[in-house]
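Colleague: Requesting a structural model of the entry that follows:
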Amino acid sequence: MIKEFFVRQTVLTRLESGPLATYLPSLASALQVLGYAARTISRYLRSADRYGRWLEEAGTALADAGADELVAYRRSVDPRKGKGRRDFTKCEGLNRVVEILCPAGILNRARRTPVEDWLTAYRAHLQNVQGLSEATCKGCVQRARHLVAEFSRGGAPDWSVMTAEWVSNWVREQAARTVGKLQPVTTMRGVLRYLISQGAVEPALLQAIPSMPHRSKVGLPKRLSTEEWQIILSGCLAISSGSLRDRAIVLLLARLGIRAGEVRQLRLEDIDWQAGTITIRRGKSRRERQLPLPEDAGALMAEYIQRERPKTDHREVFLCVTTPHGPLKTSARISLATQRVLNRLGINRPKLGAHHLRHTVASQLVCRGATFKEIADILGHASLANTGIYAKLDEQALAQVSLPWPGGGR
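Modeller: This is a model prediction of the structure:
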């Protein structure tokens, strides 16, 4: 079965002699049913073979290979290359491979370990007690996994050995490695608050978290100029600006200022074509709101759904253009689509993404005299404090509260 995907006999011989050799034909058939191209299937089969051989060398049975083994394998084969880049080619398609092999009992991704049990309870706490969104909970758990592993040593985490010095050193070391200096702070604070609620550590450990300098809300929100915004509105209607999907995404962002995650989870039933409204589901702020659907953005979305959107049972509006045409997995895909369209339109700024369009819409609302309450309702802010960053754009209002120059006017 797998012979049709490989030309070189040496590669075929290697795959047929590996620990997953018996299961590779069924894996290839499943990938074919999902619509993957032959070249992609060959890469995924090689990735599965490498993972199986790594498990064999580690002395782990296939049926016992769970989430911990998958994480360990990724760490071992994804060394950092120059300038912080990582090489993911050896793990290409591994998530899809595991998804297919797990139901057959070949791999056991859901195998429970003490660390997994702890992380599951932590995620439930974040979602049910703190009320965080699903996407936020996923990110918090992913970042906390490495911290918990420091205290597990193959068993249940032992938090009794955590000291104030260790907390301070861990945060500083992690902050030195990451671009977002506050990320280790929030990770440690979230874990400690949960442990304190469980009585596992003393509340005094929270005081050991060092404060990290950051520039939150110091400068003006990064926005596009009026000329650039007009170029986007007119350019999205031109065929030369990219695919219908990408143009519809950008026009929706430019008109409504919604978040990339809200565009990603937009479903067909959220659009009321007759009433001309669009329902934004509960996301980051856990608030649902209804906004008017602009005529041009609605027309472009309708054209995408009729002409370009793949035929599938998925209800999400915007889908992957590549096989198997599922929903967009991360909000980063929305920003990538935005960058592609803006580059075609000649708007080439560093790190320009979907959130710049959101800031632009908010800035325009401020300059037109909208109240902060109205802006918060449109943007879906849970607190007016988040909308307050746009106060610096209202120059007329700021001029009224400015203090006179000491010693007389200048």
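
Colleague: Domain parsing of the protein, as residue ranges.
Modeller: Domains of the chain are assigned by automatic domain parsing as 2-101, 114-208, 226-354.

Colleague: most centrally placed residue in this protein?
Modeller: T330 (4.0 Å; CA atoms, centre = their mean).

Colleague: Would it be right to say that it lies in a helix?
Modeller: No: assignment of T330 by DSSP: H, G, I helix; E, B strand; the rest coil gives coil, placing it outside any helix.

Colleague: Which residue is the nearest non-sequential neighbour of it?
Modeller: Leaving aside its chain neighbours, T330 sits nearest to R264 (7.6 Å; criterion: CB to CB, 6 or more residues apart in numbering). Glycine gets a C-beta too; all of them are placed from N, C-alpha and C.

Colleague: Contacts only, for the one you found.
Modeller: E316, F318, P327, L328, T330, S331, R333, I334 (CB atoms under 8 Å, 6 or more residues apart in numbering).

Colleague: Narrow those residues to those that are buried.
Modeller: Buried members of those, counted by 16 or more other CB atoms under 10 Å: E316, F318, P327, L328, S331, R333, I334.

Colleague: Go ahead and confirm the fourth one touches T322.
Modeller: To tie it back to what came earlier, the one meant is L328. No: the criterion here is CB atoms under 8 Å, and L328 misses it with T322 at 11.2 Å.

Colleague: Just say helix, strand or coil for I278.
Modeller: Secondary structure, three-state DSSP: I278 is strand.

Colleague: mind checking pLDDT for it?
Modeller: Reported pLDDT at I278 in the predicted model: 93.

Colleague: returning to that earlier point: just the ones of the buried ones among the contacts of R264 in strands?
Modeller: Within the buried ones among the contacts of R264, no residue falls in strands by DSSP state E.

Colleague: residues making contact with stretch 135-149?
Modeller: Contact partners of stretch 135-149, identified using CB under 8 Å, 6+ apart, comprise 71, 115, 118-119, 122-123, 126-127, 132, 157, 170, 183, 186-188, 190-191, 261, 283-284, 331.

Colleague: give me that answer again for 6 Å
Modeller: With CB atoms under 6 Å, 6 or more residues apart in numbering as the test, stretch 135-149 has contacts from V115, W118, L119, R123, L126, Q127, P157, T187, G190, V191.

Colleague: all strands for this protein, in order.
Modeller: Under the criterion DSSP E, the chain contains strands at 271-272, 277-280, 289-292.

Colleague: which residues are contacting the second one?
Modeller: Spelled out, that is strand 277-280. I258, E262, D270, I271, R289, Q290, L291, P292, L293.

Colleague: want to try a markdown table for those residues, with pLDDT, neighbour count and distance to A144 as columns?
Modeller: A markdown table is the format used below for the contacts of strand 277-280 (pLDDT from 0 to 100; neighbours: other CB atoms under 10 Å; distance: CB to CB, whole Å):
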| residue | pLDDT | neighbour count | distance to A144 |
| --- | --- | --- | --- |
| I258 | 90 | 23 | 29 |
| E262 | 90 | 23 | 25 |
| D270 | 93 | 18 | 32 |
| I271 | 94 | 18 | 37 |
| R289 | 87 | 16 | 31 |
| Q290 | 90 | 12 | 35 |
| L291 | 91 | 16 | 35 |
| P292 | 92 | 13 | 40 |
| L293 | 93 | 21 | 39 |
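
Colleague: will you turn those into JSON lines that also has distance to R50?
Modeller: Formatted as JSON lines, the contacts of strand 277-280 follow (distance: CB to CB, whole Å):
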{"residue": "I258", "distance to R50": "41"}
{"residue": "E262", "distance to R50": "38"}
{"residue": "D270", "distance to R50": "41"}
{"residue": "I271", "distance to R50": "44"}
{"residue": "R289", "distance to R50": "47"}
{"residue": "Q290", "distance to R50": "49"}
{"residue": "L291", "distance to R50": "47"}
{"residue": "P292", "distance to R50": "51"}
{"residue": "L293", "distance to R50": "48"}
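
Colleague: From these, pick the one nearest N343.
Modeller: N343 has its nearest neighbour among the contacts of strand 277-280 in I258, at 21.7 Å by CB to CB.
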